[in-house]
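>>> Okay, here's the prediction I keep looking at, along with the sequence it came from:
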Amino acid sequence: MPKAAAYLFLLVALPAGAASLPPDARKMWRDGDKSFRSREYADAARNYAVAGATAPDRPEIAYNEGTSRYRADDFEGAAAGLERAAVLARSDPTTRARAFYNLGNAYFRARNYSNAAR
């Protein structure tokens, strides 16, 4: 399991791209990062969800929301966020690969073994 834990991290290097977000989304993204670092994963997921509603085309926000939901043991919510991240990250192979990796883990933890094996 340590290998799986190594891939469950936030894409915190991407907040440099947060400068191109509307101010409300940028604030919620940063609040999500703070909550995640404080291990307040449900709060982090809510903040990322608000940021994602303002900037629905940003795969890194969907990824962070899905990862936060995973850490909060909301595996079905995690799967939804990570699926969205994988779809949005078509032009970013690293984010797409991380999203699919974590998506498989979320499906497995949700006992959705058929989707975990895809």
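Okay, I see it.
>>> Tell me which residues of the helix or strand harbouring residue 99 come out buried.
Using DSSP states H and E, residue 99 maps to helix 93-109. For helix 93-109, a neighbour-count test (16 or more other C-beta atoms under 10 Å) marks 95-96, 98-107, 109 as buried. Backbone N, C-alpha and C define where each C-beta goes, glycine included.
>>> Switch these over to CSV; also include pLDDT and distance to residue 48.
Putting the buried residues of helix 93-109 into CSV (pLDDT from 0 to 100; distance: C-beta to C-beta, whole Å) gives the following:
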residue, pLDDT, distance to residue 48
95, 93, 14
96, 95, 18
98, 94, 15
99, 96, 14
100, 95, 19
101, 95, 19
102, 95, 14
103, 96, 16
104, 95, 20
105, 95, 18
106, 96, 15
107, 96, 20
109, 95, 19
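>>> of all those, which comes closest to residue 115?
When the buried residues of helix 93-109 are ranked by distance to residue 115 (C-beta to C-beta), residue 107 comes first, at 4.2 Å.
>>> circling back: check the offset of whatever helix or strand comes next after the helix holding residue 99 from the chain's centre.
Counting by DSSP H and E, the next helix or strand C-terminal to helix 93-109 is helix 113-116. Offset of helix 113-116 from its chain centre (C-alpha atoms, centre = their mean, to the nearest Å): 19 Å.
>>> packing partners for the helix holding residue 99?
The helices and strands touching helix 93-109, judged by 3 or more C-beta pairs under 8 Å, 6 or more residues apart in numbering; DSSP states H and E, are helix 2-7, helix 59-71, helix 75-88, helix 113-116.
>>> Quickly note the distance from the residue sitting furthest away from the middle of the chain to residue 108.
Distance from the C-alpha centroid of the chain peaks at residue 114, with 21.6 Å (C-alpha atoms, centre = their mean). Between residue 114 and residue 108 the computed distance is 11 Å (C-beta to C-beta, to the nearest Å).
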